[in-house]
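# this one's sequence-less:
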């Protein structure tokens, strides 16, 4: 019982699917409804991680490690993306003294 | 029986053949590029020198040809167009006819170049003139040397272009430009016929090269007067109509006199306008297969000769008279072709080239002396001031009127004898034309050189004989006009003395296979021939006499502009109002049509579609841009919905 894939397999795959889907939908709803840029950002991360979870679960069930390699890539890219994203938010805050995305509506017709 | 035309393998000869047209082209390039930076002396040296060199090479080729048994050969350079079964080579055909035309073109061309050096010496665009006229020599040589219809067509278009450029040479005058455009457009009508004929020839014989087409035609199985043959020959003749100024496409030639006089002499009298006759003659085997076309050609020819001669009677511009005379003489040549007197026709081309070039150059000398005055009503008595011009002009007049022993007598007499055998009516009309020709030419001579001077004092003080470079070509051409006729001595003066006939016989070999009846020699007993000869000489002399009585004894001068003329005189003086008729029937409707198309099709339909599309897009964008609201939440919403939609579509449709 010290093999991680075996630990993962103690819960049926269906549950992972429902859970990931739920996490993803929460992320989407958060992105659509919230106005604070940082919260939106966190919701995006939530969506990414729901996908990671799903990948790991399916990798364990199918005994194929390549999906887990994907997960590492996604994490690395997400880390890079977070730095850039946070930097943008910081700059936005310095300019308009707020992180409310509704205020960022200068670029229009 | 039939000689097969062989390609030549001798590299040296091939190079010489190539040099003949290439030298004038080199002259064109040098003079054209260095228009104003080359000294005038050098320009005329290059311009005339290259043509002289071409002439000398042609003489060498001619001597080589005759000394090697007069066997026709082709000179192949490279495959020019090669598409499917169509093989068109860049090659020359050297045979009796080609060499004759080459000698004529380069020989007379050189004399006229020499003349131009004097005549154009005061013109600021001296280099341009020589460049164009050299380009003309190149195109004309390509036309006569080409060994297939396509190369002939290239030369044909080339001479048309040069004619256009040179008619409108003094392009600051709008009338001259209009004359140039008129010549160009009328020639295009003819060229369309020529082009269609080439297509039809290719479809019928599967080739456009002369040796192949003619040997195929000699074995043509469709019989004489088949529809295809009549179509081909008629279309070719339409081409000839345009270039050689026959009814109904002749009105450009008199207008073409807007160009400098050497141009009128070279292009619009001696060489280019005879290209149509050359083309018919070259295709003699096709014409031998279509006697119906020949009848049409004869009728068109005689009608043109008659109409032009009557107009010529009443013109007062020295060059216009000569122009109508040219049209009339071209009509004669086509009349000869129409009665299958091929050799007589080319004989007349040759003698006409001598005496008409002479007349034009002499007229140019008169115009030069008169400070660009062309109206014969303001001339008179010039005999004393321009002795050389007078004598040469007199020889030219005697030659064109058909007075023995000058060149025109032999060719015209032979031509009319052939017409007599064919049809008495055509002969009668021909003699009538001959009468009028003699009358208007002597009228011109008497009004210009006899009587008293009728110009201004300023002109009178300026009168002078032209320089050496202008009189020398006149003298040479006068000698040629005098002795040129002896190339074709009729049988009554000695059997087998007709040098030209014997020389040209081989070019009819295919025609004699295809339709032996067409080319059999004329049979005419000697008494009839004497009679015909007597009549044509008598007619010419009577006309000259009438002209003498009217314009020298009675000293009549044509009425000045604006005088009321008798209806018939008025009709002829105004050239039968043909230009006005064409204007009403063709030009105005075309103009109206263009204006209507502009108003309806262009402004309403085309502009409507283009502008409408533009307006539609503008309007649509103006509405759609509101989508870009700047609200990030909205964008995100649209993005998510779109992704969901794509996934759904993937699941349920894809």
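Nice, thanks for sending it over. Quick caveat: nothing in here was measured; it's all calculated off a predicted structure.

# Indicate the residue of chain A located nearest to chain B.
residue A:108 (3.1 Å; Cβ to the nearest Cβ). For the C-beta atoms, the positions are set from N, CA and C on the backbone; glycine is no exception.

# which SS class is that residue?
What DSSP: H, G, I helix; E, B strand; the rest coil gives for residue A:108 is coil.

# ok, for it, nearest residue in space, not its chain neighbours?
residue B:630 (3.1 Å; Cβ to Cβ, 6 or more residues apart in numbering or on different chains).

# can you give me the helices in chain A?
A:4-9, A:13-33, A:37-62, A:66-96 (DSSP state H).

# returning to that earlier point: dump the residue contacts of the residue of chain A closest to chain B.
B:628, B:629, B:630 (Cβ atoms under 8 Å, 6 or more residues apart in numbering or on different chains).

# hang on, residue B:60 packs against residue B:19?
No - between residue B:60 and residue B:19 there is no contact under Cβ atoms under 8 Å: 10.4 Å.

# helices and strands of chain A: which one bottoms out on pLDDT?
Least confident helix or strand of chain A, by mean pLDDT, DSSP states H and E, is helix A:4-9 with a mean of 82.

# what packs against that one?
helix A:37-62 (3 or more Cβ pairs under 8 Å, 6 or more residues apart in numbering or on different chains; DSSP states H and E).

# Just the angle for the helix it packs on relative to helix A:66-96, thanks.
Between helix A:37-62 and helix A:66-96, the angle comes out at 180 degrees (axes from the mean of the first three to the mean of the last three Cα atoms, to 10 degrees).

# Residue B:78 belongs to a strand, doesn't it?
Yes - if the criterion is three-state DSSP, then residue B:78 is within a strand.

# what pairs with it across the strands?
residue B:90 (DSSP bridges).

# Pull up the gap between it and residue B:87, please.
11 Å (Cβ to Cβ, to the nearest Å).

# More neighbours: those two, which one.
For residue B:78 versus residue B:87, neighbours defined as other Cβ atoms under 10 Å in any protein chain shown are more numerous around residue B:87 (16 against 8).

# just to revisit the earlier point, quick one: which of the contacts of residue A:108 is nearest chain A?
Among the contacts of residue A:108, and counting by Cβ to the nearest Cβ, the member closest to chain A is residue B:630, at 3.1 Å.

# for that closest one, what are its contacts?
Counting by Cβ under 8 Å, 6+ apart, residue B:630 has contacts A:104, A:105, A:106, A:107, A:108, A:109.

# May I have the predicted confidence score for the second one?
Meaning residue A:105. Residue A:105 is assigned a pLDDT of 82 by the prediction.

# Need the three-state assignment for the residue nearest to residue A:108.
coil.

# how close does it sit to residue A:97?
19 Å.

# cool, residue B:287 as well?
Applying Cβ to Cβ to residue B:287 and residue A:97 gives a distance of 100 Å.

# Compare neighbour counts for these two and give me the winner.
Each of residue B:287 and residue A:97 has its neighbours counted (other Cβ under 10 Å); residue B:287 has more, 27 against 9.

# hang on, isn't residue B:344 packed against residue B:418?
Yes - in this structure, residue B:344 is within contact of residue B:418 by Cβ under 8 Å, at 5.4 Å.

# Just read off the phi/psi values of the residue of chain A closest to chain B.
When read as degrees, to the nearest 10, the backbone of residue A:108 gives phi -150, psi -180.

# and it, what pLDDT?
On the pLDDT scale, residue A:108 gets 81.

# can you check residue B:654 too?
67.

# Tell me the confidence at residue B:278?
For residue B:278, the model assigns a pLDDT of 93.

# nearest residue to it other than its sequence neighbours?
residue B:101 (5.9 Å).

# Give me the number of neighbouring residues for that neighbour.
By other Cβ under 10 Å, 27 other residues sit near residue B:101.

# low-scoring stretches of chain B, by residue?
Scanning chain B for pLDDT under 70 picks out B:1-4, B:494, B:519, B:522, B:654.

# quick one, what contacts residue B:242?
So residue B:242 contacts B:186, B:187, B:188, B:189, B:190, B:191, B:193, B:194, B:249, B:276 (Cβ under 8 Å, 6+ apart).

# Test my guess that the second one contacts residue B:160.
Meaning residue B:187. Yes - between residue B:187 and residue B:160 there is a contact under Cβ under 8 Å: 4.7 Å.

# Now do the shared contacts for those two.
Overlap of the contact sets of residue B:187 and residue B:160 (by Cβ under 8 Å, 6+ apart) consists of residue B:243.

# neighbour count winner among those two?
In terms of neighbours (other Cβ under 10 Å), residue B:187 is the more surrounded of residue B:187 and residue B:160; the figures are 26 against 23.

# gap between whatever helix or strand that one lives in and the chain center?
Applying DSSP states H and E as the criterion places residue B:187 in helix B:174-205. Put simply, helix B:174-205 sits 12 Å off its chain's centre (Cα atoms, centre = their mean, to the nearest Å).

# Repeat that for stretch B:462-469.
30 Å.

# what residues are up against the residue of the stretch 51-200 of chain B found nearest chain A?
With Cβ to the nearest Cβ, the shortest gap between the stretch 51-200 of chain B and chain A falls at residue B:181, namely 55.2 Å. Contact analysis of residue B:181 by Cβ under 8 Å, 6+ apart lists B:164, B:168.

# The one 10 residues further on too?
By Cβ under 8 Å, 6+ apart, the contact list for residue B:191 reads B:153, B:156, B:157, B:160, B:239, B:242.

# who's in contact with the second one?
The one in question is residue B:156. Neighbours of residue B:156 in contact, by Cβ under 8 Å, 6+ apart: B:143, B:191, B:194, B:239, B:243, B:275, B:279.

# Now it: which helix or strand?
helix B:149-167.

# again, but for the last one
Per DSSP H and E, residue B:242 falls inside helix B:227-243.

# before we move on, what SS does residue B:380 have?
What three-state DSSP gives for residue B:380 is coil.

# Count the neighbours of it for me.
Using other Cβ under 10 Å: residue B:380 sits among 20 other residues.

# can you tell me how far it sits from residue B:347?
Counting by Cβ to Cβ, the gap from residue B:380 to residue B:347 is 35 Å.

# next SSE after the helix holding residue B:187?
helix B:210-218.

# now that next one against helix B:227-243, angle please.
Counting by the same axes, to 10 degrees, helix B:210-218 lies at 140 degrees to helix B:227-243.

# So what angle separates the directions of helix B:210-218 and helix B:149-167?
Using the same axes, to 10 degrees: helix B:210-218 against helix B:149-167 is 120 degrees.

# Contact residues of chain A facing chain B?
Residues of chain A lying near chain B by Cβ under 8 Å from any Cβ of the partner chain: A:28, A:31, A:32, A:35, A:101, A:102, A:104, A:105, A:106, A:107, A:108, A:109.

# One more pass at 10 Å, please.
A:28-29, A:31-35, A:37, A:40, A:101-109 (Cβ under 10 Å from any Cβ of the partner chain).
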